[in-house]
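Visitor: Sharing a model that was predicted from the sequence below.
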Amino acid sequence: MEFLYKPWPWYVAGPIIGLCVPALLLLGNKQLGVSSTLRQICAGCFPANIPFLRYEWKKDTWNLFFVSGILLGGFIGGYFFANPMPTGISENTVSLLKEQGITDIRGLLPSQVFNWPSLLSWKGFLMMVGGGFMVGFGTRYARGCTSGHGIVGLSALQWPSLVATVSFFLGGILFSHFVLPYILAL
C-alpha cells in the first residue's frame, strides 16, 4: 500500500490518464473536459437571463458528476494519501525565486505571494484576480483548457489543439521570464 502515498511515475500516471479519453468515448460517447462546467452550472442557475447560457445544459449533467468526483477525489487523496515527502524543487528554480525576492519555498505555493494579506495589495490583486480572469478568458477564447486540448484534442490529432497547447506553454514561459519578475518587484 506504500505506492498510494508516493507520487506515481509519469509512465504509470500518464497512460492511466490517456486511457480515460478512449474509455469515455467508447463507454458513453463523451469527451473529457472540465472548462465548460462553470457555464453549465451558470446555465442551470440563470437559464433565461443571459443569451450565452441558453443551451441544452441538461444533456451534459454527467459532467457535473465528473467534476464532483474530481473535487472529492482530490480531497480524499490530499487528506488520506498526502505525500509525506517535502516538495522537490530544483536548485536552479530556488535560485531564480530568490533573485525575485521569494525566499520561503516550503510547500506548493510560496507563502510570500499566496496569502490573504497579499491579496489586498496591488501585486496580489494583479496576480490572483487578474491572473484568474486571464485564465478564464483564455480558456473560453481557446475553446478549452490546457488539459482538454493537451489530452483530448491531441489524442484526436486535432490541429487547433496542437496550436492551443503550444500557445499555452509558450505563453507560460514568456510570462514567467518577462512579466512575472516585474510584477514581483512591485
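Guide: Sure, I can see it.

Visitor: so where's the chain shaky on pLDDT?
Guide: By pLDDT under 70, the low-scoring segments of the chain are 1, 3-5, 47.

Visitor: where do the helices sit along the protein?
Guide: 10-28, 37-45, 62-80, 91-99, 116-119, 122-125, 131-141, 146-147, 154-155, 159-174, 180-184 (DSSP state H).

Visitor: dump the residue contacts of residue 50.
Guide: residue 42 (CB atoms under 8 Å, 6 or more residues apart in numbering). Heads up, the C-betas are built off the backbone N, CA and C, glycines and all.

Visitor: Comparing the helices of the chain, which stretch has the densest surroundings?
Guide: helix 146-147 (a mean of 17; mean count of other CB atoms under 10 Å).

Visitor: Tell me which residues are up against that one.
Guide: Contacts for helix 146-147 (CB under 8 Å, 6+ apart): 34, 165, 168.

Visitor: Please report the distance of the residue with the largest distance to the centre of the chain from residue 58.
Guide: The outermost residue of the chain, judged against the average C-alpha position, is residue 48 (29.6 Å), by CA atoms, centre = their mean. Shown here: residue 48 relative to residue 58, a distance of 14 Å by CB to CB, to the nearest Å.

Visitor: burial of the closest residue to the residue farthest from the centre of the chain other than its chain neighbours, as a residue count?
Guide: Distances taken as CB to CB, 6 or more residues apart in numbering put residue 54 closest to residue 48, at 7.0 Å, once the chain neighbours are dropped. When neighbours are defined as other CB atoms under 10 Å, residue 54 has 12 of them.

Visitor: and the protein, what are its domains?
Guide: 1-85, 88-186 (automatic domain parsing).

Visitor: Would you mind measuring the gap between the ends of the longest one?
Guide: It stands for domain 88-186. 28 Å (CA to CA, to the nearest Å).

Visitor: Ok, stretch 82-102 next?
Guide: Per CA to CA, the first residue of stretch 82-102 is 25 Å away from its last.
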